[in-house]
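> Build me a structure from this.
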Amino acid sequence: MGLVESMPRSRRLMLTIEAGAWIVGIACLLYVGTRYLDATLGSREALQRFDELKAGQERALAPDLTLWSPQRIAAWQSTLAQPQEVPLAVLRIPRIHLEVPVLRGTSDRTLDRGAGHIEDTAMPGSDGNAGIAGHRDGFFRGLKDVVVGDAIELDTLQGKQVYRIERTWIVKPDEMSVLDPTSEPSITLVTCHPFYYVGSAPDRYIVRAVRTEAPVMFSRR
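Residues are numbered from 1 along each chain as shown. Sure thing, here's the model as predicted:
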C-alpha cells in the first residue's frame, strides 16, 4: 500500500484541497500578471499613437499654402499662437500631398486650423460614415485634383486605416443625405464648390472613400 493510500481519508482530502488551492492561486497570479503586462503595453502603445498624432498635427502646421487664398492664409496664421488641441485623427491624401489634422467640430476657428469632424457622424476610424469638412480655399482646395482610386490614409489612436476614393460629386448645401450612415466604413469629405468662386459658394463638393482593408495596427515593442 502506498504512502498516500495509508493516510486517513480526511488527511488525503486536505492534501487535495491544498493542491487545488495552489493551482488556483498560481492561475490567478498568471492571469493578473498577464493583464498587467497587457495593460502596460497597451498604455505604451496609446502614448506612442498620441505622440504620432501630435507629430502629424505639427507637420500640418506648416502646410503647402500655394493654392490657398490670401484670406485663408491670414486666418490660418492667426490660429498659430492659440493653444493646439490634440486631433481626433490625421488625414492624408498622398497623391495631392495633403496632411491635415482632423479636429472636433466645424466652427470657423476649427476649420481655420485644420479639417473638422462633422457632428452626429461616425467618429474617424470607426465603422459607419465619418463626415469631415474643410475650406475650399485652404486645406481642402487640393480636393479638386483627386480622382477615383486615390488613397486616403486616416491615422487615429487605434491605428492607421486606408480608404479608396470611390466617387466625387456636387450637391446643394441642403443635401444632407451624403452624411447618412453607410453599410461599410467610409469617409465623406465635404467642401464648398466651385473652388475658386468669389463670394459664398453655391454648392458642395463631396468625396466619398471606403475602407479597403482592416486597420493596420501598431506593433507592440
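
> Only the buried residues of stretch 72-89, if you could.
72, 75-76, 79, 84, 87-89 (16 or more other C-beta atoms under 10 Å). Quick note: C-beta positions are derived from backbone N, CA and C, even for glycine.

> Ok, stretch 95-107 next?
96, 98-103, 106.

> for stretch 136-154, same thing?
Across stretch 136-154, burial judged by 16+ other C-beta under 10 Å covers 136-144, 146, 150, 152-154.

> so where's the protein uncertain?
Along the chain, segments meeting pLDDT under 70 span 1-13, 15, 18-21, 24-25, 27-61, 214-221.

> In it, where's the longest strand?
strand 159-171 (DSSP state E).

> Give the partner strands of the one helix or strand Leu103 maps to in its sheet and their orientations.
Assigned by DSSP states H and E, Leu103 belongs to strand 98-104. Next to strand 98-104 in the sheet, as set by DSSP bridges, lie strand 89-93 (antiparallel), strand 115-117 (parallel).

> Looking at the buried residues of stretch 95-107, spot the one nearest Gly125.
Val102 (9.5 Å; C-beta to C-beta).

> Please name the residues that touch that closest one.
Val102 makes contact with 87-91, 114-117, 124, 132, 154, according to C-beta atoms under 8 Å, 6 or more residues apart in numbering.

> Against Leu189, how distant is the residue nearest the centre of the chain?
Residue closest to the average C-alpha location in the chain (C-alpha atoms, centre = their mean): Thr156, at 2.8 Å. Counting by C-beta to C-beta, to the nearest Å, the separation of Thr156 from Leu189 is 16 Å.

> what do you get for Ala130?
Ala130 is 10 Å from Leu189, by C-beta to C-beta.

> residue ranges of the helices in the chain, please?
Taking DSSP state H as the test, the helices found in the chain are 3-6, 9-60, 70-77, 108-113.

> Phi, psi for the closest residue to Pro101 other than its chain neighbours please.
The shortest distance from Pro101 to any non-neighbouring residue, by C-beta to C-beta, 6 or more residues apart in numbering, is to Pro87 (3.6 Å). Backbone torsions for Pro87, taken as degrees, to the nearest 10, come to phi -70, psi 160.

> Please tell me I have it right and Pro87 contacts His117.
No: if you go by C-beta atoms under 8 Å, Pro87 and His117 don't touch, sitting 9.2 Å apart.

> got any residues that touch both of these two?
102-103.

> For the longest strand of the chain, enumerate the helices and strands it packs against.
Counting contacts by 3 or more C-beta pairs under 8 Å, 6 or more residues apart in numbering; DSSP states H and E, strand 159-171 packs against strand 151-156, strand 186-193, strand 203-211.

> And for Val198, the neighbour number?
Residues lying near Val198 (other C-beta atoms under 10 Å) number 6.

> How much space separates it from Ala81?
In this view, Val198 and Ala81 are 29 Å apart by C-beta to C-beta.

> export the contacts of Val102 to JSON lines and tack on distance to Lys160?
Rendered in JSON lines, the data for the contacts of Val102 read as follows (distance: C-beta to C-beta, whole Å):
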{"residue": "Pro87", "distance to Lys160": "14"}
{"residue": "Leu88", "distance to Lys160": "14"}
{"residue": "Ala89", "distance to Lys160": "10"}
{"residue": "Val90", "distance to Lys160": "9"}
{"residue": "Leu91", "distance to Lys160": "11"}
{"residue": "Gly114", "distance to Lys160": "18"}
{"residue": "Ala115", "distance to Lys160": "17"}
{"residue": "Gly116", "distance to Lys160": "21"}
{"residue": "His117", "distance to Lys160": "17"}
{"residue": "Pro124", "distance to Lys160": "12"}
{"residue": "Ile132", "distance to Lys160": "16"}
{"residue": "Leu154", "distance to Lys160": "7"}
